[in-house]
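Trainee: sequence first, then the predicted structure, then my questions.
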Amino acid sequence: MTATAAPSVEFVRFALDQGVLRFGSFKVKSGRMSPYFFNAGLFSDGASMNRLGAFYAGALLDSGLPFDMLFGPAYKGIPLATGTAMALAADPRGGGRAIPFAYNRKEAKDHGEGGTLVGAPLKGKVVIIDDVITAGTSVRESVDIIRAAGAEPAAVLIALDRMERAGPDDALSTHSAVQDVARTYGIPVVSIASLTDILALLENAPEFAEHRQAVLAYRQKYGVTG
């Protein structure tokens with residue numbers, strides 16, 4: 001992309017270059033056949049994680065939302081929260097502020113410090129960091145953990161908003177999973193990029209032009225516009 005491309009579109013190109021975003025035909029968790037697939041678990045080396053953390057940190061700072069710390073739900077959220085905290089410390093807009101972070105274990109540890117939480121104590125305004133929101137299960141569990149500790153869930157920060165409605169084809173939900181999370185918990189959801197940004201890239205990248213109509217048709221069938 002050009003130097004003037006929006007960070008969200010730059011992120012889409014980055015995800016493509018890393019093989020994290022792919023076009024084709026993929027059966028996704030919902031059982032649908034999607035013309036694209038995004039798997040943040042494929043960011044798997046130091047250089048890509050360094051840049052990924054910078055994208056997360058940039059999106060959070062650009063949102064202008066107040067926050068005190070980060071929380072990464074197991075398992076994908078753990079490296080994402082770590083990388084974002086490191087990037088925030090390095091971003092000049094953060095003033096070198098050392099942002100604490102924490103994450104949970106799937107199973108409680110019965111020795112040492114014990115428990116299911118690792119890292120800084122949960123307090124203040126906490127941003128939950130994950131890759132995508134599908135059914136919202138990870139967010140619900142994170143919100144419960146944060147509130148149980150007496151802290152406040154302040155926002156959810158994700159890599160990609162698929163802008164997609166849930167449910168069977170004959171009974172699609174009115175809202176997307178991201179919208180449902182925001183409405184259910186009363187907290188904003190910030191994304192680095194969205195389906196709109198994927199389509200913006202497809203509009204301007206001739207090498208991917210063959211996939212544009214399939215993605216447009218998928219959005220027409222399952223997407224939301226807000």
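Mentor: That came through fine.

Trainee: for the rest of this, base every contact and every neighbour count on C-alpha atoms.
Mentor: Will do.

Trainee: beyond the longest helix seen in the chain, next helix or strand please.
Mentor: Taking DSSP state H as the criterion, the chain has its longest helix at helix 46-63. Once the chain leaves helix 46-63, the next helix or strand it forms, by DSSP states H and E, is strand 69-72.

Trainee: state the mean pLDDT of that following strand.
Mentor: Across strand 69-72, pLDDT averages out at 98.

Trainee: tell me the strands beside it, with direction?
Mentor: Note on strand 69-72: by DSSP bridges, its sheet partners are strand 101-109 (parallel), strand 125-129 (parallel).

Trainee: rebuild these as a markdown table, extending it with distance to residue 32.
Mentor: A markdown table is the format used below for the strands paired with strand 69-72 (distance: least, C-alpha to C-alpha, whole Å):
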| stretch | distance to residue 32 |
| --- | --- |
| strand 101-109 | 28 |
| strand 125-129 | 25 |
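
Trainee: surely residue 219 meets residue 165?
Mentor: No. At 9.5 Å, residue 219 does not count as touching residue 165 under the criterion of C-alpha atoms under 8 Å.

Trainee: thinking again about what came up before, mean neighbour count, the strands paired with strand 69-72: which tops it?
Mentor: Highest mean neighbour count among the strands paired with strand 69-72 (mean count of other C-alpha atoms under 10 Å): strand 125-129, with a mean of 26.

Trainee: any idea how far the longest helix of the chain is from the chain center?
Mentor: The chain centre lies 11 Å from the centre of helix 46-63; the measure is C-alpha atoms, centre = their mean, to the nearest Å.

Trainee: what comes up buried for that helix?
Mentor: For helix 46-63, the neighbour count (16 or more other C-alpha atoms under 10 Å) marks 49-61 as buried.

Trainee: dump the C-alpha coordinates for it into PDB.
Mentor: Output in PDB follows, covering the C-alpha atoms of helix 46-63 (Å, rounded to 0.1, in the frame of the first residue of the first chain):
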ATOM      1  CA  GLY A  46       9.200 -12.000  16.800                       C
ATOM      2  CA  ALA A  47       9.200  -9.500  13.900                       C
ATOM      3  CA  SER A  48       5.500 -10.000  13.000                       C
ATOM      4  CA  MET A  49       4.500  -9.900  16.700                       C
ATOM      5  CA  ASN A  50       6.400  -6.700  17.200                       C
ATOM      6  CA  ARG A  51       4.500  -5.100  14.400                       C
ATOM      7  CA  LEU A  52       1.200  -6.600  15.400                       C
ATOM      8  CA  GLY A  53       1.700  -5.100  18.900                       C
ATOM      9  CA  ALA A  54       2.200  -1.700  17.300                       C
ATOM     10  CA  PHE A  55      -1.000  -2.000  15.400                       C
ATOM     11  CA  TYR A  56      -2.900  -2.900  18.500                       C
ATOM     12  CA  ALA A  57      -1.300  -0.100  20.500                       C
ATOM     13  CA  GLY A  58      -2.000   2.400  17.700                       C
ATOM     14  CA  ALA A  59      -5.700   1.400  17.500                       C
ATOM     15  CA  LEU A  60      -6.100   1.800  21.300                       C
ATOM     16  CA  LEU A  61      -4.400   5.200  21.500                       C
ATOM     17  CA  ASP A  62      -6.300   6.400  18.400                       C
ATOM     18  CA  SER A  63      -9.600   5.500  20.100                       C
END
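
Trainee: and it with strand 125-129, angle?
Mentor: With axes from the mean of the first three to the mean of the last three C-alpha atoms, to 10 degrees as the basis, helix 46-63 and strand 125-129 are set at 140 degrees to each other.

Trainee: since that was my last question, I'll sign off now.
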